[in-house]
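1. Fold the following and give me the result.
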Amino acid sequence: ELSLTADCITKQPKSYGAWHHRLWVMKGGGEGVDLEFELALCKQFLEADERNFHCWAYRMQVAKRAGVSAADELAFTDEKIQQNFSNYSAFHYRSKVLERIDREAAGEAGEAPNAASASAFAGERMARLRGELEMVVNAAFTEPDDQSAWWYHRFLLAWGQPTL
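-> Predicted coordinates:
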């Protein structure tokens, strides 16, 4: 079935049904699905069409199942955004990775973090926010009429609110 959906996606890369069925097969396939191959396939499809949100959504599920770190996913989005600052899908995916980093940090801290760990988390988050704002400002200056960078800038302001 993975071969069938690969053929379908090759012919119609934005087919909701083909991507949904591939996700269903991947989730139900357990040990029989080569997650590294699936990630490589996503990379290949995103090289052909970097804004294919179906593929981005599928990649998110595959990366989660494969245990790909949030840092590695941030690096992947860095690559895609550097290739094209107008890649809304990459910015959106990046926003989800930042939210994942927050959830993971909260989980590591436990339900009642001590003052030192809370302070360290806030400091790391503020440093990340500064870096993200620097990157998005560069994107906005490069493509000032493109809405992708401006959307991500707005996301960052809301995401950073608790640390400001």
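2. For the chain, give me the ranges with low pLDDT.
-> Applying pLDDT under 70 to the chain flags residues 30-31, 108-116, 162-164.
3. Please name the nearest non-neighbouring residue to the spatially most central residue of it.
-> For the chain, the residue sitting closest to the mean C-alpha position, by C-alpha atoms, centre = their mean, is residue 93 at 3.1 Å. Counting by C-beta to C-beta, 6 or more residues apart in numbering, residue 93 lies nearest to residue 56, which is 5.1 Å off, once chain neighbours are set aside. Where you see a C-beta, it was placed from the backbone N, CA and C, and this is true even at glycine.
4. surely the one you found meets residue 94?
-> No: judged on C-beta atoms under 8 Å, residue 56 makes no contact with residue 94 at a distance of 10.2 Å.
5. Can you point out the buried residues in the longest helix along the chain?
-> Using DSSP state H, we find that the single longest helix of the chain is helix 115-142. By neighbour count on 16 or more other C-beta atoms under 10 Å, the buried set for helix 115-142 is 121, 125, 128-129, 132, 135-136, 139-140.
6. The following helix or strand past that helix to helix 115-142, inter-axis angle?
-> The C-terminal neighbour of helix 115-142 among helices and strands, as given by DSSP states H and E, is helix 147-159. Interaxial angle, helix 147-159 versus helix 115-142 (axes from the mean of the first three to the mean of the last three C-alpha atoms, to 10 degrees): 160 degrees.
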